[in-house]
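Asker: Show me the folded form of this:
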Amino acid sequence: NRFKLLAERDRQIAKEAKRDDQTQRKYDRGLLKNDEAEVKAMRQLRSEQAALKFEVAKLSAQLAELTAAAGTSDSVRVIVQQPTQPVNQEVPQVVQQVPTTDPVLVAELSGLRQELAALRKSMATPPVPAQAAAPVVVVPPTPTPSPAPVPTAPARNLDAEVLTVLSQYGSAQVFFDTGRSSVTPASMTSLSGLANGARQYPNRILVSLAGFTDKTGSLAANQALSQRRVEAVRAALISLGVSPSQIRSSASGPDLNASDNASARRVEVTLRVR
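Answerer: Okay, the predicted model is just below:
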């Protein structure tokens, strides 16, 4: 009896499983049919949405064109008031195909109807003549007096100024006693004017010094003496304000061409252009 009960229980379990399997298959077939119907409906709905959007865009373009032409000329107004193909005849077939349960399409349909109503109203309203614009009075600008010319200083001619200084002060000679190299007070007076001219243009004027002696004594002694005399004059010019960079000096020793010994014992000071 125990084995019979177990066998009966197994048969019942198998029967229940078979019945559940059949039920699941029927359910799956029903879902598949429902999915196919839903996909088909969705495709139809998308197609209708695309058609409606195309018509809305077309009507919007026509509405913009009519609105832009509403105030241009009488010939354009005649075309607007008597369209060859009324726009309100292009929509009904598309509108009837759109299901009213879709809120997005319902909103688009409502906006389309409002645009059509506004379009019919604008076409039925006679154009308002444009008012003549008030004449524009152009006030000429007040002329601004030009500023008075500012006097400018004439350009300096440095070359001419330097030549004037050279011609005024030119050169000088400092004479010395026999065997001596000190500058006398009288020589300092003559050097002061020459130093004044050299100070005016330190970058344009050079001071040349050339020292000489007479023929008395040896050549070496006279060479050294002429050098000391040049150094004495150089120091005197620096004390009078001449820049050391302006001074060029040379010691020549005895002057063999001098007419006498007194005129040979000298230092020649000459201003020249750099």
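Asker: the strands in the stretch 151-274 of the chain, which residues?
Answerer: Per DSSP state E, counting those that start in this stretch, the stretch 151-274 of the chain carries strands over the ranges 171-175, 205-213, 247-254, 266-273.
Asker: of all the ones you listed, which lies closest to residue 47?
Answerer: Comparing those by their distance to residue 47 (C-beta to C-beta), the top pick is strand 266-273, with 102.6 Å. C-beta coordinates here come from the backbone N, C-alpha and C atoms, glycine included.
Asker: returning to that earlier point: looking at the strands of the stretch 151-274 of the chain, which is buried most?
Answerer: Using mean count of other C-beta atoms under 10 Å, the stretch among those with the greatest mean number of neighbours is strand 205-213 (a mean of 22).
Asker: ok, residues contacting that one?
Answerer: 162, 165-166, 194, 197-198, 222, 225-227, 229-230, 233-234, 237, 242, 246-255, 258, 264-274 (C-beta atoms under 8 Å, 6 or more residues apart in numbering).
Asker: And stretch 250-260, by the same measure?
Answerer: Residues contacting stretch 250-260 (C-beta under 8 Å, 6+ apart): 208-215, 219, 222-223, 226-227, 229-230, 264, 266.
Asker: Stretch 163-175 too?
Answerer: Contacts with stretch 163-175, where a contact means C-beta under 8 Å, 6+ apart, come from 183, 187, 190-191, 193-194, 196-198, 200-201, 205, 229, 233, 262-263, 265-273.
Asker: can we see that at 7 Å?
Answerer: Outside stretch 163-175, the residues that touch it by C-beta atoms under 7 Å, 6 or more residues apart in numbering are 183, 187, 190-191, 193-194, 197, 200-201, 205, 233, 265-271.
Asker: what about that stretch, average pLDDT?
Answerer: Mean pLDDT, stretch 163-175: 87.
Asker: likewise stretch 222-231?
Answerer: Stretch 222-231 comes out with an average pLDDT of 95.
Asker: Next, the buried residues of it.
Answerer: Neighbour-count burial for stretch 222-231, counted by 16 or more other C-beta atoms under 10 Å, picks out 222, 225-227, 229-231.
Asker: tell me which of those residues is nearest to residue 14?
Answerer: For the buried residues of stretch 222-231, the nearest to residue 14 is residue 231 (141.9 Å; C-beta to C-beta).
Asker: Skip the chain neighbours and tell me the closest residue to residue 204.
Answerer: In space, and not counting its chain neighbours, residue 204 is closest to residue 162: 5.0 Å by C-beta to C-beta, 6 or more residues apart in numbering.
Asker: err, residue 253, not the other one
Answerer: Spatial nearest neighbour of residue 253, excluding adjacent residues (C-beta to C-beta, 6+ apart): residue 223 at 4.2 Å.
Asker: in which helix or strand would I find residue 26?
Answerer: Secondary structure from DSSP states H and E places residue 26 in helix 2-69.
Asker: which regions of the stretch 151-274 of the chain sit below the pLDDT cut-off?
Answerer: Per-residue confidence for the stretch 151-274 of the chain (pLDDT under 70) gives these ranges: 151-156.
Asker: make it 50
Answerer: For the stretch 151-274 of the chain, no stretch has pLDDT under 50.
Asker: Let me see the ranges of the helices in it.
Answerer: With DSSP state H, counting those that start in this stretch, the ranges of helices along the stretch 151-274 of the chain come out as 158-169, 185-200, 219-239, 261-264.
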